[in-house]
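Peer 1: Here is my input, please return the structure:
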Amino acid sequence: MTTDAYRGWDSETRFRRLLDELVPLDPGGWRLPDVRTALSTPGWEIRPVVPGGSPPDLARGPRPEVAWELGHHPRGPRQGVGVLTVAAEDPEQVLGLEVNLSYGIAYDDDHAHELHFAQTAREVTEDVLGGPPTRLSGPGSRAVWRRPGTSVAIAVDEGCVVLQLLCTDQGAEFRQGRPDQWRAAARADLSAPEPERPVRDREELRKRLGEALAALCAEVHTFPGDFTLRLSSLRDPLRSVVAVGKGWDDALRLQAPAGGPGLPGADRLTASGWQHGDGVRQHTVLTALAMGDRSRGPAREAAALLVDALRALEVDLADLAYSGEVEVPKGARHLELPHLGIPRAAPEPEEAAGAGA
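Peer 2: The predicted structure follows:
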C-alpha cells in the first residue's frame, strides 16, 4: 500500500486497521525474539531506543524500562509510534507494546480532544474484541480487555491516547511507578479485599481518601460514567457516609444518615453544614468533577467532610470498610481503591448480579 492510498482515511478507520493488524499477532511467551518475529508480519521493525532521538515524545514520563522502539511504520496506514517495555530483571522478557496514537493518527474535526478520541477508540476496540473491557482504572482513564496470552488496553497517558498490548501472564500491567488509584471490575476480576498498607489514623485516612476521590472525580466521567463510594461500619451499616459523582454534574454529592434512636452525630453534622432532606443529611461540594487539576481541592474538601462525619457517627477505623460501584453505559462494575488502606466490603448478592458477578 502506498502512502497516498490511506491519506483520506478518517482516524477511526486508521485505528480499526491498527487493531486488525496487531490483535491477531501471536507473540508466544512475549520473549523478545518472539515479539520481533510477530511484529515483522505487519511490517514493524524494532530497534534500541536512542536517548534524545526522534521522536522526542517516545519516553513520556517515568519509563525506566523502555528498551525498544518500533521503527519504519507498517506498510499500511501510519498508525503511530510504538515502544516495547521489558522487565528490569530480564531484558529479554517483554511486558507489553504501547502505540502512541496521538503521534501518528491526526484527529478528525469530530474529535475535539484526546478524551473524545479515547472514547471512540474504546468503542472500536469493544467492537473488534466482541465485548466491553473487563476492567477500568486510573490514573489514565484506562480500559483493559483481559484475554489469554495478550490483553489489550486503551489509556490516556501524559495527554496522549495510547493503545497497549500486554503480556497477560505478566499481570497485564507495565506502568511501573504509576499504581492504580482506582479500579472498576467484575466480581470475578476483583483483587484481594484486605489492604496492603492499612491506615494508621484519621488524618492518614483523610489524605488517602482525598487522593482516591480526586482520581475518581477527574476520570470516571470521561468514560462516561458515574460512581458511588460508601464508607460504613461493619458492625452497624447504618453508620455510613456516601459520595456520589454523576457524569452530567460537576458537583460531588455527599450523604450521611439523618439520625435516629441510638445514632450519634446529628448536632456535629448540622454544625458542619450538612443539610437535612429526603430522609438523609446531604452536603454538596461544587466543581469536584471539574476537568484537570481543578478537582483536587474540592476532592480534599469532600474527604475531610466524610472523615469528620464518620467521627461524628463514632465509627472506629478498625470497624470501617468501603464499597462502591462505577456505572458506565455497558453496566455497573465493583469499585476498588487499592491504596485507601481499609478493607473492601463483600458485595451483596443483588449488587454482585448487577455489577458483573
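
Peer 1: going forward, measure contacts between C-alpha atoms and count neighbours the same way
Peer 2: OK.

Peer 1: how about the nearest residue to residue 208, chain neighbours excluded?
Peer 2: With sequence-adjacent residues excluded and distances taken as CA to CA, 6 or more residues apart in numbering, residue 208 is closest to residue 340, at 5.5 Å.

Peer 1: you'd agree that neighbour is in a strand?
Peer 2: No: applying DSSP: H, G, I helix; E, B strand; the rest coil, one finds residue 340 to be coil, outside a strand.

Peer 1: Pull the number of nearby residues for it.
Peer 2: Neighbour count of residue 340, defined by other CA atoms under 10 Å: 26.

Peer 1: cool, and residue 94?
Peer 2: The burial count for residue 94: 28, using other CA under 10 Å.

Peer 1: now residue 196
Peer 2: Residues lying near residue 196 (other CA under 10 Å) number 13.

Peer 1: same question, the one 3 residues further on
Peer 2: Other residues within reach of residue 199, judged by other CA under 10 Å, total 19.

Peer 1: nearest spatial neighbour of it, skipping sequence neighbours?
Peer 2: By the measure of CA to CA, 6+ apart, the closest residue to residue 199 outside its immediate chain neighbours is residue 341, 4.8 Å from it.

Peer 1: Touching, that neighbour and residue 202? I think so.
Peer 2: No: using CA atoms under 8 Å, residue 341 is not in contact with residue 202; the gap is 11.0 Å.

Peer 1: Out of the two, name the residue with the larger neighbour count.
Peer 2: The neighbour count for residue 341 versus residue 202, taken as other CA under 10 Å, is higher for residue 341 (21 against 16).

Peer 1: For that one, give its distance to residue 211.
Peer 2: When distance is defined by CA to CA, to the nearest Å, residue 341 is 12 Å away from residue 211.

Peer 1: Check residue 165 too.
Peer 2: 28 Å.

Peer 1: any low-confidence regions in the stretch 51-200 of the chain?
Peer 2: Scanning the stretch 51-200 of the chain with the threshold set as pLDDT under 70 gives 51-81, 103-112, 172-178.

Peer 1: how about 80 then?
Peer 2: In the predicted model, the stretch 51-200 of the chain carries pLDDT under 80 at residues 51-83, 88, 100, 102-115, 158-159, 171-179, 188-189, 191-196.

Peer 1: Tell me where it has strands.
Peer 2: Ranges of strands in the stretch 51-200 of the chain, per DSSP state E, counting those that start in this stretch, are 66-71, 81-87, 90-100, 135-138, 142-145, 150-157, 160-167, 182-185.

Peer 1: From the chain's centroid, how far away is the last one?
Peer 2: If I follow you right, that is strand 182-185. Counting by CA atoms, centre = their mean, to the nearest Å, strand 182-185 is centred 7 Å from the centre of its parent chain.

Peer 1: what's downstream of it, the next helix or strand?
Peer 2: helix 202-219 (DSSP states H and E).

Peer 1: pLDDT averaged over that next one - what is it?
Peer 2: Helix 202-219 carries an average pLDDT of 95.

Peer 1: Send me it as CSV with only the CA atoms.
Peer 2: The C-alpha trace of helix 202-219 is given here as CSV (Å, rounded to 0.1, in the frame of the first residue of the first chain):
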residue,chain,number,x,y,z
ARG,A,202,-7.9,9.5,60.7
GLU,A,203,-5.5,12.1,59.2
GLU,A,204,-3.9,9.4,57.0
LEU,A,205,-7.4,8.2,56.0
ARG,A,206,-8.4,11.8,55.1
LYS,A,207,-5.3,12.1,52.9
ARG,A,208,-5.7,8.8,51.1
LEU,A,209,-9.4,9.3,50.6
GLY,A,210,-8.7,12.7,49.1
GLU,A,211,-6.3,11.2,46.6
ALA,A,212,-8.8,8.5,45.7
LEU,A,213,-11.7,10.9,45.3
ALA,A,214,-9.6,13.3,43.2
ALA,A,215,-8.7,10.4,40.8
LEU,A,216,-12.4,9.2,40.6
CYS,A,217,-13.7,12.8,40.1
ALA,A,218,-11.2,13.5,37.4
GLU,A,219,-11.7,10.4,35.3
